[in-house]
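Q: got a sequence here, can you build the structure:
(chains A and B)
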Amino acid sequence: MVADGSHALGGMASRDRGRANAMQRFARRRSTIAFLMTLPLLAIIVGLVAYPAAYAIYLSTLNRRMTAFAGTLNFELLFESDTFWMVAFQSCFFAITAVVLKASIGFWLAHMLHHIPDKGQRKWRGMLLVPWVIPPALSTLGWWWMFDPSYSSINWLLAVISVPEVPWLGHHWWARIAIIMVNVWIGAPFFMIMYLAALKSVPEQLYEAAMIDGASSFQRLRYVTLPMMANIISITVLFSLIVTFANYDIVRVLTNGGPRDLTHVFASYAFQVGILSGNIPRGAAVSLFMFPILALCAFFVLRSVTRRNKEQM
Amino acid sequence: MAEVSVRKVVKAYEGNVQAVKGIDLEIADHEFVVLVGPSGCGKSTTLRMIAGLEEITSGEIAIGGTVVNDIPPRDRDIAMVFQNYALYPHMSVYENMAFGLTLRKFPKAEIAKRVNNAARILDIEPLLERKPKALSGGQRQRVAMGRAIVRDPKVFLFDEPLSNLDAKLRVQMRTEIKKVHQKVRTTTVYVTHDQVEAMTLADRVVVMNHGIIEQVGPPQELYHHPRTRFVAGFIGSPAMNFFPARMENGSGALRLNLPNGIVLPVPADRTARYQGAAGREVLFGIRPEHLTEPKNLERDNIAVFDVTPEVIEPMGMETLVHFWMQGAEICARIDPTTPAEPGVPMPLAADLNHMHVIDPESGMVL
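A: Numbering: from 1, shown residues only, chains lettered A, B, ... in the order given. Okay, the predicted model is just below:
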């Protein structure tokens, strides 16, 4: 009996020891440590991204007074609204035009800078980064003054070269162009600095090999520079598309959606509907509309980046 | 016709730093010429000037009789193989090789024919669809050569193409390059800092140092008849041994007195050649294979002396014996069957039929 009892106790002790060892092994696993170390970031993402997103989805399913479940009513009403479709068009027009211009100007500037000797390059790089460093609300205010119908310095300059006065913020198409101009002015330096870094990482010998292979300068750009920068171009365009789609401050400061709500983008329209007009569920529905478009973009862009990485790196 | 002429070519950088100081070089059609020298000697700059990747400060370069100073690289009809291969990472092996022909608007069938032909020569046919990332260093090197071959250019330029490969692969690729040249017979200019590569590949070797050409000649000539101390020391592995010595004239014969008391009689057939150096300090040079055990040498014109080996390096087919003499490390080459031990004195003989005497002031071999 005694012997049996001691065996049983010994068995339990070894099981406990085994469990303790397993716990220790689990705690020491790299994946466990990695998870614990990323936990603060995960908490921030859940608190500041996942929870508000889930809450917005919940809000968008409520009625105006937020007293009852309304299903997809808010979305249905939006789909029937001409203003909403105008906002959707304006958001897409604004984001796509601005990103294309920012990328093109940024690429051109990066190319120019890349060919300046290192010593002078730093000075130009610093100056060209200024628009990106100034707080957007502040610089947009400066632009607003320059567009001002009474004191517009831009119109004054145009008058010097005998160009008729432009109603920058008075006509909706000019106002849309003005918003894009300001966004491009602020955002192009970001593209410039990213593309400059990418240009510097293209091995010089690839250009030399292409020169010997018979490539003209345009062909070197087409067959060496652009393919070598494809990943950074995709990622910056995606990133900028997301940020530009969600842009709020430029529209808010420059036009406040006017004239006649014709310059609203999703974010400013969501604020207008949700906060200023007091229809929070409808505002939430507007803001959620961006998500599927951007998710689809992100999926395709990141898939092509991964594919290229696998092939080339 | 694809001879290359380099006439009085100078390359100066900012601050009047001259990388190449007015060199002259004539490379014949079909010839394989290797530019060799230490880092910073101007060999790569010379090659890049021939390619058109560097501007010429003064002088003239002609390819096939046409002066190319102001002709861009793409119109010089040359192909270049780079040290790090410079393959386009986003293109397949086929596309990499076809790129130059595509830009020159060759018909697709012709491109395919040339690429497949080059792939067969280089044994890379199964790799044509792969991207460079999926290739080993040796395979990438073959593709880089293939890219040059398909163009069928007037001149091949190689810029240290084997430096990134491991020792074994380097030897293998060296043979490949020689084989390819024997097949295609294109005029080739090859840059390396490895004198073994230079000796094994070249029809003629150009030894450069400090932006000038020290000597041009077939490998054997450079090895046996170096014109300067630099060439004597640079060509050959292990390097030539040098001792300071004094040339003395005594009873109708010349002799070299080494400071440690060893006296080396100058062979009679060299007396006239060295007569001018009599009574002067000179540098005595001898290659390790001419410093060996006495039994391996003929009896004429040898000087036997005892040395105490410090390090013994058995190489298999030979053994290297390192010892110190007059503050310099000296290397001798002996038969692997000869017993030798560190710290145990042994006799060595210098074969004076192969001695070199150098003027220490001018650095010229007398």
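Q: would you mind listing what in chain A touches chain B?
A: A:203, A:205-206, A:208-216, A:219, A:223-224, A:227-228, A:230, A:308, A:311-313 (Cβ under 8 Å from any Cβ of the partner chain). Bear in mind the C-beta positions are built from the backbone N, C-alpha and C, glycine included.
Q: what about 6 Å?
A: A:Gln205, A:Leu206, A:Glu208, A:Ala209, A:Met211, A:Ile212, A:Asp213, A:Gly214, A:Ala215, A:Pro227, A:Glu311, A:Gln312 (Cβ under 6 Å from any Cβ of the partner chain).
Q: per-residue confidence at the second one?
A: pLDDT, A:Leu206: 93.
Q: wait, it touches A:Thr225, no?
A: No. Contact criterion Cβ atoms under 6 Å: A:Leu206 and A:Thr225 do not qualify, at 9.0 Å.
Q: closest to B:Arg185 out of the residues of chain A next to chain B?
A: A:Ile212 (20.4 Å; Cβ to Cβ).
Q: what sits up against the helix or strand where the closest one lies?
A: Using DSSP states H and E, A:Ile212 maps to helix A:204-213. Contact with helix A:204-213 is made by A:Arg220, A:Val224, B:Leu53, B:Pro73, B:Arg74, B:Met80, B:Phe82, B:Ala86, B:Phe99, B:Gly100, as judged by Cβ atoms under 6 Å, 6 or more residues apart in numbering or on different chains.
Q: and for stretch A:82-95?
A: A:Leu78, A:Leu241, A:Thr244, A:Phe245, A:Asp261, A:His264, A:Val265, A:Phe266, A:Tyr269.
Q: any weak-confidence spans in the stretch 151-300 of chain A?
A: Within the stretch 151-300 of chain A, no stretch has pLDDT under 70.
Q: so where do the helices sit in it?
A: A:153-160, A:172-200, A:204-213, A:217-220, A:226-245, A:249-254, A:266-271, A:280-288, A:290-312 (DSSP state H, counting those that start in this stretch).
Q: tell me the confidence at A:Ser14?
A: A:Ser14 is given a pLDDT of 65.
Q: picking that back up, for the helix holding A:Ile212, buried residues please.
A: A:Gln205, A:Leu206, A:Tyr207, A:Glu208, A:Ala209, A:Ala210, A:Met211, A:Ile212, A:Asp213 (16 or more other Cβ atoms under 10 Å in any protein chain shown).
Q: any idea how far it is from the chain center?
A: 35 Å (Cα atoms, centre = their mean, to the nearest Å).
Q: any idea how the chain splits into domains?
A: The chain I'm using is chain A. A:2-60, A:81-312 (automatic domain parsing).
Q: should've been chain B
A: B:4-227, B:241-358.
Q: nearest to chain A, of the ones you listed?
A: With Cβ to the nearest Cβ as the measure, domain B:4-227 is the member of these nearest chain A (3.7 Å).
Q: ok so, going back, B:Thr228 is nearest to which of the helices of the stretch 151-300 of chain A?
A: Per Cβ to Cβ, nearest to B:Thr228 of the helices of the stretch 151-300 of chain A: helix A:204-213, 32.8 Å.
Q: let's see the closest one as CSV, backbone CA atoms only.
A: Provided in CSV are the C-alpha atoms of helix A:204-213 (Å, rounded to 0.1, in the frame of the first residue of the first chain):
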residue,chain,number,x,y,z
GLU,A,204,25.1,52.4,-60.7
GLN,A,205,26.4,49.4,-62.6
LEU,A,206,22.9,48.6,-63.8
TYR,A,207,22.8,52.0,-65.6
GLU,A,208,26.3,51.4,-66.9
ALA,A,209,25.3,48.0,-68.2
ALA,A,210,22.2,49.5,-69.8
MET,A,211,24.3,52.3,-71.4
ILE,A,212,26.6,49.7,-72.9
ASP,A,213,23.6,47.6,-74.0
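Q: can you give me the angle it makes with helix A:226-245?
A: Orientation check (axes from the mean of the first three to the mean of the last three Cα atoms, to 10 degrees): helix A:204-213 against helix A:226-245 gives 120 degrees.
Q: looking at the domains of chain B, which is buried most?
A: Most buried of the domains of chain B by mean neighbour count (mean count of other Cβ atoms under 10 Å in any protein chain shown) is domain B:4-227; its value is a mean of 19.
Q: looking at the domains of chain A, which is buried most?
A: Greatest burial across the domains of chain A, using mean count of other Cβ under 10 Å, falls to domain A:81-312, with a mean of 17.
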